[in-house]
Structure formats: structure tokens, C-alpha cells
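Chemist: Quick one: sequence plus predicted model below, questions after.
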Amino acid sequence: MRSLYVHFPFCESKCHYCDFYSIGAERTGETDPLLFEGALQAECRQWTTALGNPETELGQFDTIFFGGGTPSMTPPESMLRALAPLDLPKRVNDRTEWTMEANPSSVDRKRLEEYRALGVNRISMGVQALRPDLLLALGRVHSRDAAFRALDAIFEAGITNVSVDLLCGVPNQQVADVERAMEELIRYPITHLSCYLLTLPKTHRMFKDLPNEDEQLAHLLAIDRFMTSQGFEHYEISNFARPGFRARHNLAYWTGKSYLGLGPSAHSFDAEESRRWKNFSSLHKYAEKLKKNESVQEWEEVLTADQRDLEKWMLALRLSDGFPRTWVEDEAREGKSAGLVRAGLLEKHPEHEDRLRLTARGFALSDQVITTLATA
Ligand code: SF4
């Protein structure tokens, strides 16, 4: 387990499109933050032995990710107390990438300096949009000015590895809005940008207002065009990085490495045993179990050979590094991959002759490509 994820469940308010486990302030009980701190501490205690000796390389983390929810709502001193059993200062080294998610309305320079002192060296900030009416429609609590103030604060606090999250495919959002947002954001020296297509369940009240597939495709292609023209690598379906700044924690997920997830709703994966599990998505259930020193796993599964094969395809196709050409040299896939090349969805890797990868259009239509190749 060289990668650690910690889920912080609190948010200022629940965004209209959010399906993460998070509790808006209006539903957070007065004692919930303390309950979470104590429970997380107890879960950390359960893992200290399994994580190995922190004095050895194997007992150290390559990457740490504080996600949520909004981790930047948890004060650094509370994080310190909750995570104390892990002895994190001993489990990190100069190469550890330590990311924390933040929202514009919950950070200021002083707080950021304290997180930095804790060891956080990368911030991933949820901006999502910069047009005020889109922010409102999404249920975000921050304004466009708050987003800029937060970016100023992050860089003033001395954090230089900064990622920003945007959404595209939002009802009433035009290609020009996404382009303008990217233009405004890259005036800051950000190193990374994630841009996700808004997806909603059919029962969601905003579902009927989502742009159609052609418009969604236009958004995704415009983002690829703009970000690559600014020197960012489009290295994953929804992710762009300056050279040398790919998100190493997410890459651990996408390359099938083991990771440990702590906190309510967190997922974990043990690559050696092909075993995946998930914690309860309820703070109170999570805390109740830990009070009795019981497991907080809601479910676990060991992947079958077929599931592992499907996962291999899903992971390989999402990265611009692509996959070995030999994977499609069997009878079932040869014709299909040639068809995908003709359709402009798959291409020879420009630097590795023996590999294939998705084109920008292929990234935008990745579900279609994955279905075609993985289930052949
Ligand atoms: S801030 Fe993020 S985690 Fe919290 S409600 Fe909004 S989308 Fe969900």
C-alpha cells in the first residue's frame, strides 16, 4: 500500500450534482466533526501494523490524497490528531506527492500555510465554472472572485503544484464559456487541470437540460485543443498536465496499483490479491463500528479473471500511454481496432511504434472504444 486516500466527509453545502458521500453544513451535527476525528483515529490504529515499518521504504507512501467532501474544512490540527497513529511524518519522504482537495470558499493563506507545514505539497481546487449563473445552477457556494482569491492565496502560501477542476457539458454552458474559463485559469501557473463532463442520473431534475451528445463532444474537443495548445499533455481522458506534473496518486489508481482508503465511503484495492473493498458511506455507522473496534468494510470483492481482463482494458485505454499493439492482434480484435483507427478514435502512439492509444476524439468517446475492444 504505497498510496493513501483519506475521505473527509464535510462540505459547506451539498452541490446539486454531487454523488460523493458528503454532508452539507445544514445537515452536519455539532458534534460530527469530533465524531469523525475520533473514528478516523481509530481506523488509523487498525492499520498501523499492516502498513509496515515506517523506517523502511515499503512502509512509506509515494502518494497521499485528502479528498472528500471538502478536506479544507477540517482544521490542520484536527487532521494531525486523527492521523497521529499512522505517524505520517515518518511515512513521507522528499518524493511523496501529498494532495489535498480544496474549495475556493474554504481556504485562506494562513490555513494553506498550515496545511503546507503538515506536508501537503499539492492542491486540487474545485472551481468547476467561472460564469456566475453556472455556479449558481450547479449549487456551488463560491463566486468567480472567490475562485481567483483562492488561487492567489494558494500561490502566496508557497504551494506551486496546483490542479484545478472544471466541469463541461453543464446546461446552458457554451464552448466559449469553457474556453474563457481555461484562459482565465491558465493565467495562474497551474500545473494540472481536470475537466469532467457533467453526468447526471436520468431522474435528476437537470438531466433534461444537459447538452446533447454533439455539444458534449464539442466541449471535450475544445478543451483538448485549448489545453494542448498551451503545452499541457492530455494524458488521461479528463486530465491535462504540464510535463512532469501528472497526478501520481490518480496514476496509481489507473495503473492498477494498491491503495488504502480511510474514512467513510473510501475505497481500497489490494493489487496482489485483486481485492477491492469499500467503507460504509455513513459517518455514524462508520463511527459506531470503530467504537466497537469492528471492521468498517461495507463490502469487498475479489476480481474474477474476466473482471481483471475488463479492468485491464479500461485502465489502459484511459491513458495516453496506450497499450501494446499485441493486445489487438487476435482474430476478434484485429478488425475492430482497424475500424477504430479508420474512425479516428485510435492511433499509433507517436513515440512508441509498438503501442496504440486513443485520439482526442477517442478520449471523448472512450466508453464506445472500451466497449468495442474490452468485450471483443
Ligand atoms: S464540494 Fe464537492 S464533495 Fe462537496 S458537495 Fe460539492 S461536489 Fe460534492
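Modeler: Arrived safely, thanks for sending.

Chemist: From here on, just use CA atoms for contacts and neighbour counts.
Modeler: Fine.

Chemist: could I get stretch 334-341 in CSV with only the CA atoms?
Modeler: Taking C-alpha atoms only, stretch 334-341 is exported to CSV below (Å, rounded to 0.1, in the frame of the first residue of the first chain):
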residue,chain,number,x,y,z
GLU,A,334,-7.8,-7.0,-35.2
GLY,A,335,-10.7,-5.9,-37.4
LYS,A,336,-12.3,-3.9,-34.7
SER,A,337,-9.2,-2.0,-33.9
ALA,A,338,-8.6,-1.3,-37.6
GLY,A,339,-12.2,0.1,-37.7
LEU,A,340,-11.5,2.3,-34.7
VAL,A,341,-8.3,3.6,-36.4
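
Chemist: List the buried residues in that stretch.
Modeler: By neighbour count with 16 or more other CA atoms under 10 Å, stretch 334-341 contains the buried residues Glu334, Lys336, Ser337, Leu340, Val341.

Chemist: List just the nearest of those to the ligand.
Modeler: Distance to the ligand, by CA to the nearest ligand atom, is smallest for Leu340 among these, at 34.3 Å.

Chemist: average pLDDT across the one helix or strand that closest one maps to?
Modeler: In this structure, Leu340 sits in helix 331-342 according to DSSP states H and E. The pLDDT scores in helix 331-342 average 91.

Chemist: check contacts around Ile23.
Modeler: Neighbouring residues of Ile23 by CA atoms under 8 Å, 6 or more residues apart in numbering: Pro9, Phe10, Cys11, Ser13, Lys14, Gly69.

Chemist: try 7 Å this time
Modeler: Contacts for Ile23 (CA atoms under 7 Å, 6 or more residues apart in numbering) come out as Pro9, Phe10, Cys11, Lys14.

Chemist: same for the ligand: which of these are within range?
Modeler: With CA under 6 Å from any ligand atom as the criterion, those include Cys11, Lys14 near the ligand.

Chemist: Quick check: the two most widely separated of the contacts of Ile23?
Modeler: Using CA to CA, the contacts of Ile23 reach their maximum pairwise distance at Pro9 and Lys14, which is 11.0 Å.

Chemist: more neighbours, these two?
Modeler: The residue with more neighbours, out of Pro9 and Lys14, is Pro9; 27 against 22, by other CA atoms under 10 Å.

Chemist: following the helix or strand containing Tyr5, which helix or strand comes up?
Modeler: Using DSSP H and E, Tyr5 maps to strand 3-8. Per DSSP H and E, the first helix or strand lying C-terminal to strand 3-8 is strand 10-11.

Chemist: What is the distance between that next one and the centre of its chain?
Modeler: In terms of CA atoms, centre = their mean, to the nearest Å, the gap separating the centre of strand 10-11 from the centre of its chain is 17 Å.

Chemist: Remind me what that strand packs against, helices and strands.
Modeler: If you count contacts as 3 or more CA pairs under 7 Å, 6 or more residues apart in numbering; DSSP states H and E, strand 10-11 packs onto strand 23-24.

Chemist: partner strands of the strand it packs on, parallel or antiparallel?
Modeler: Paired neighbours of strand 23-24 in the sheet (DSSP bridges): strand 10-11 (parallel).

Chemist: Please list the residues outside the partner strand that contact it.
Modeler: Residues from elsewhere that reach strand 10-11 (CA under 7 Å, 6+ apart): Ser22, Ile23, Gly24, Ala25, Gly69, Thr70.

Chemist: Kindly recompute the last result at 6 Å.
Modeler: Ser22, Ile23, Gly24, Gly69, Thr70 (CA atoms under 6 Å, 6 or more residues apart in numbering).

Chemist: again, but for stretch 88-102
Modeler: Contacts for stretch 88-102 (CA under 6 Å, 6+ apart): 54, 60-67, 70, 72, 120-125.

Chemist: Pull up the distance across it, start to finish.
Modeler: With CA to CA, to the nearest Å applied, stretch 88-102 spans 20 Å between its terminal residues.

Chemist: Same question for stretch 113-124.
Modeler: 15 Å.

Chemist: these two touch, right, Trp277 and Glu300?
Modeler: Yes: the criterion here is CA atoms under 6 Å, and Trp277 meets it with Glu300 at 4.0 Å.

Chemist: what about those two, which has more around it?
Modeler: Set side by side, Trp277 and Glu300 show more neighbours around Trp277, with 20 against 14, by other CA under 10 Å.

Chemist: The more buried one belongs to a strand?
Modeler: Yes: Trp277: assigned to a strand according to DSSP: H, G, I helix; E, B strand; the rest coil.

Chemist: Return the distance of it relative to Phe323.
Modeler: According to CA to CA, Trp277 stands 27 Å off from Phe323.

Chemist: Could you do Thr31 as well?
Modeler: 49 Å.

Chemist: if we can go back for a sec, which neighbouring elements make contact with the helix holding Leu340?
Modeler: Counting contacts by 3 or more CA pairs under 6 Å, 6 or more residues apart in numbering; DSSP states H and E, helix 331-342 is packed against no other helix or strand.

Chemist: So which residues make contact with that helix?
Modeler: If you take CA under 6 Å, 6+ apart as the criterion, helix 331-342 is touched by Val328, Leu346, Glu347, Ala376.

Chemist: swap in stretch 71-84?
Modeler: By CA under 6 Å, 6+ apart, stretch 71-84 touches Phe8, Glu37, Leu40, Gln41, Ala102, Tyr115.

Chemist: which one is Ala271 nearest to, not counting chain neighbours?
Modeler: Ser258 (4.9 Å; CA to CA, 6 or more residues apart in numbering).

Chemist: Angles on the backbone of the one you found, please.
Modeler: Dihedral pair for Ser258: phi -70, psi 150, per degrees, to the nearest 10.

Chemist: In contact with it, which residues?
Modeler: Met1, Phe269, Asp270, Ala271.

Chemist: which one of the contacts of strand 10-11 sits closest to Phe363?
Modeler: Using CA to CA, the contacts of strand 10-11 come closest to Phe363 at Gly69, 27.3 Å.
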